[in-house]
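1. From the sequence below, what's the structure:
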Amino acid sequence: MSRSRLQEALRWLPLAALVIGLTLLGELFGGSVASTTTPIAEDISATEAYELIQANADNPCFTIIDVRTADDFAQEHIECAVNIDFYSASFNQDIKALDRDCSYLVYCHSGGRSSQTLSLMAGLHFREVYNLTSGIRAWQDAGLPLVIPTTAD
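-> As a prediction, the model looks like this:
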């Protein structure tokens, strides 16, 4: 090998070592560096939320979260939603306990609490979170289905 080719090869050695080191670190911590994805945290319309729910009907890693009070949730809610009351003392802990690698649709009455929840979840590095803009009111205005429990007489 000529001296100039050797010098050229040596010049690239630190970069090659860095790439190999990062790849090994990625494997050590459970994934490759190249496979990381940009988190999603965005507002969507009622129609987009409905389409998202339909697309994830068989996805066990997709959850609809209603952040209204338990009383509001009991009156009506989106099918398959779970209630995590924004005003409960355990709200932050309940959100932190969720799997950050799953996908979530969050809603409230008019979009304020769910927007704050979206920001919280984004700050906690959740992979994919959507906020139903204008909340359940927009869902109702779009004529989309709700679960309305019946009371026994």
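2. Checking Leu118 next. Helix, strand or coil?
-> Three-state call for Leu118 (DSSP: H, G, I helix; E, B strand; the rest coil): helix.
3. isn't Ala74 right up against Thr150?
-> No: contact criterion C-beta atoms under 8 Å: Ala74 and Thr150 do not qualify, at 11.7 Å. Heads up, the C-betas are built off the backbone N, CA and C, glycines and all.
4. Give me the more crowded residue out of those two.
-> Each of Ala74 and Thr150 has its neighbours counted (other C-beta atoms under 10 Å); Ala74 has more, 13 against 5.
5. show me what contacts Leu124?
-> By C-beta atoms under 8 Å, 6 or more residues apart in numbering, Leu124 lies in contact with 95-96, 100.
6. Nearest to Ala89 among these?
-> Minimum distance to Ala89 across the contacts of Leu124 is 12.8 Å, recorded for Ile95 (C-beta to C-beta).
7. Next up, the contacts around Thr63.
-> Thr63 neighbours (C-beta under 8 Å, 6+ apart): 82, 98, 102-105.
8. a markdown table for those, including neighbour count and secondary structure?
-> Below are the contacts of Thr63 laid out as a markdown table (neighbours: other C-beta atoms under 10 Å; DSSP: H, G, I helix; E, B strand; the rest coil):
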| residue | neighbour count | secondary structure |
| --- | --- | --- |
| Val82 | 13 | strand |
| Leu98 | 17 | coil |
| Cys102 | 15 | coil |
| Ser103 | 17 | strand |
| Tyr104 | 24 | strand |
| Leu105 | 24 | strand |
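9. Now the element after the helix or strand of the chain with the lowest mean pLDDT, going C-ward?
-> Least confident helix or strand, the chain: helix 3-28 with a mean of 57, by mean pLDDT, DSSP states H and E. Downstream of helix 3-28, the next assigned helix or strand under DSSP states H and E is strand 40-44.
10. Pick the one among the contacts of Thr63 closest to Leu118.
-> Tyr104 (9.0 Å).
11. Look up the pLDDT of the closest one for me, please.
-> For Tyr104, the pLDDT comes out at 98.
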